[in-house]
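A.B. asks: Structure of the sequence below:
(2 chains, ligands or ions: 2)
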There are 2 protein chains.
Amino acid sequence: MSESPSFTALTRLLRRLPGVGPRSSQRIAYDLLMRKRELMPALAMALQAAHEHIRSCSRCNNLCEAELCAICSDTQRQRELLCVVESPVDLAAIEESGAYGGDYFVLMGHLSPLDGIGPEDLHIDRFTARLAEPGLREVIFATNSTLEGEATAQFLAGYVPAGVRSSRIARGIPMGGELEYVDRGTLGRALLGRRDLEE
Amino acid sequence: MSESPSFTALTRLLRRLPGVGPRSSQRIAYDLLMRKRELMPALAMALQAAHEHIRSCSRCNNLCEAELCAICSDTQRQRELLCVVESPVDLAAIEESGAYGGDYFVLMGHLSPLDGIGPEDLHIDRFTARLAEPGLREVIFATNSTLEGEATAQFLAGYVPAGVRSSRIARGIPMGGELEYVDRGTLGRALLGRRDLEE
Ligand SMILES: [Zn+2]
Ligand SMILES: [Zn+2]
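C.D. replies: Ligands and ions are numbered 1, 2, ... in the order given. The predicted structure is shown next:
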């Protein structure tokens, strides 16, 4: 199929998806063409729709389809608690643990000087605006327990106003572990066992 | 993101791709939305284009964008040799081995009574039309060395006209192995060491 420009274009784009290498991009393309042709226009439309409709919450950065995400719009959440996570995947993992009922702030990444990701890339303006909202009692840093996640938590803790507690999700999660791969029970316990962030 | 219909629709479709489970469909969707938004319309267009332009060769069933595939159109190939494979992935693997210069016939599957895949699903009409072309000397069955692949080869060998040799790709490939995962050297040797199919 190397002679087909449409095939080459498709596999080259598929290869840019996470976890999809050259071999699996071919497998996916052949599977679609040979067995699941009806899936191709459906997937194309779903990609377009998601691209058009999904945006980030103006308050917490979570992905959503409205100005505010479902959590920010939910009047039952504890507004005095703010949990800082690296990505919406981590937010979803914590929600599934059932151990938390407060607000979130989604950084959409972590500090990584080597990759050129500085504080301005983590939506610091939005973060400080959220910190300035009245009634905040505690900021729980639930960034990954990687070097970058720890450095990001330490850095952002510097913005937390005096009188507001800064805490770090307990280390029940394995060193170097990424939140989304941790089982939900461990994640729930780690959240309950959080400790104050050392200055 | 469970509150976003576009997100749910996208992940549900991604999950139908081979090798993509519930967790990885979410990872792919988040990665697209957070870091590779420009990839979404591009991938949508590539899927549409491939869906529209890629068809199967009217002579050998290989996927292509014209009436005849590049191999069937190539006047330098040895028309007296016909290699029967289950899928275009296997065809590509054999081409990469560099050990073969004849024609192919792509079954687009194998016999599998349990899945309701019978002879009519393997394009038997097209296969017998190809067998009837003048000058054919040998049909090499390079179906997978799985139970279904063996049964398919045995079954199709029954259609090969008297005076035309039927051979089976040599068992240098591991039992139960699928061609596309075999290293190219082994695949090339197995092809050269092919033996006559036992009746
Ligand atoms: Zn929000
Ligand atoms: Zn062809």
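A.B. asks: How is chain A divided into domains?
C.D. replies: Structural domains annotated on chain A: A:5-53, A:61-168, as defined by automatic domain parsing.
A.B. asks: Enumerate every residue touching the residue most central in space within chain A.
C.D. replies: Nearest to the geometric centre of chain A sits A:S87, at 1.0 Å (CA atoms, centre = their mean). For A:S87, the contact set (CB atoms under 8 Å, 6 or more residues apart in numbering or on different chains) comprises A:106-109, A:180, B:30, B:34. Bear in mind the C-beta positions are built from the backbone N, C-alpha and C, glycine included.
A.B. asks: Now intersect those with the strands, please.
C.D. replies: Of these, the ones assigned to strands by DSSP state E are A:V106.
A.B. asks: before we move on, the earlier item: CSV for the domains of chain A, including mean pLDDT and distance to ligand 1?
C.D. replies: Converted to CSV, the domains of chain A look like this (pLDDT from 0 to 100; distance: least, CB to the ion, whole Å):
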stretch, mean pLDDT, distance to ligand 1
domain A:5-53, 94, 16
domain A:61-168, 91, 3
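A.B. asks: got TSV for the ones you listed, with distance to B:L147 too?
C.D. replies: As requested, the domains of chain A are exported to TSV (distance: least, CB to CB, whole Å):
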stretch	distance to B:L147
domain A:5-53	20
domain A:61-168	40
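A.B. asks: out of those, which comes closest to B:L131?
C.D. replies: B:L131 lies closest, by CB to CB, to one member of the domains of chain A: domain A:5-53, at 22.5 Å.
A.B. asks: can you give me how far that closest one is from the chain middle?
C.D. replies: Taking CA atoms, centre = their mean, to the nearest Å, the mean C-alpha location of domain A:5-53 is offset from the chain mean by 24 Å.
A.B. asks: Out of the contacts of A:S87, who's the most crowded?
C.D. replies: The most crowded member of the contacts of A:S87, judged by other CB atoms under 10 Å in any protein chain shown, is A:V106 (27 neighbours).
A.B. asks: Can you name the residues bridging to that residue?
C.D. replies: A:V85 (DSSP bridges).
A.B. asks: Next, count neighbours for A:H110.
C.D. replies: A total of 23 residues lie near A:H110 under the criterion other CB under 10 Å.
A.B. asks: repeat for A:L63
C.D. replies: Neighbours around A:L63, by other CB under 10 Å: 24.
A.B. asks: Report the contact partners of the closest residue to it other than its chain neighbours.
C.D. replies: The shortest distance from A:L63 to any non-neighbouring residue, by CB to CB, 6 or more residues apart in numbering or on different chains, is to A:P88 (5.0 Å). The neighbourhood of A:P88, defined by CB under 8 Å, 6+ apart, consists of A:62-63, A:106, B:1, B:30, B:34.
A.B. asks: Please convert the residues you listed to TSV, extending it with distance to B:L43.
C.D. replies: Shown next, in TSV, are the contacts of A:P88 (distance: CB to CB, whole Å):
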residue	distance to B:L43
A:N62	24
A:L63	18
A:V106	24
B:M1	19
B:Y30	15
B:M34	15
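A.B. asks: If anything else comes up later, I'll come back, but that's it for now.
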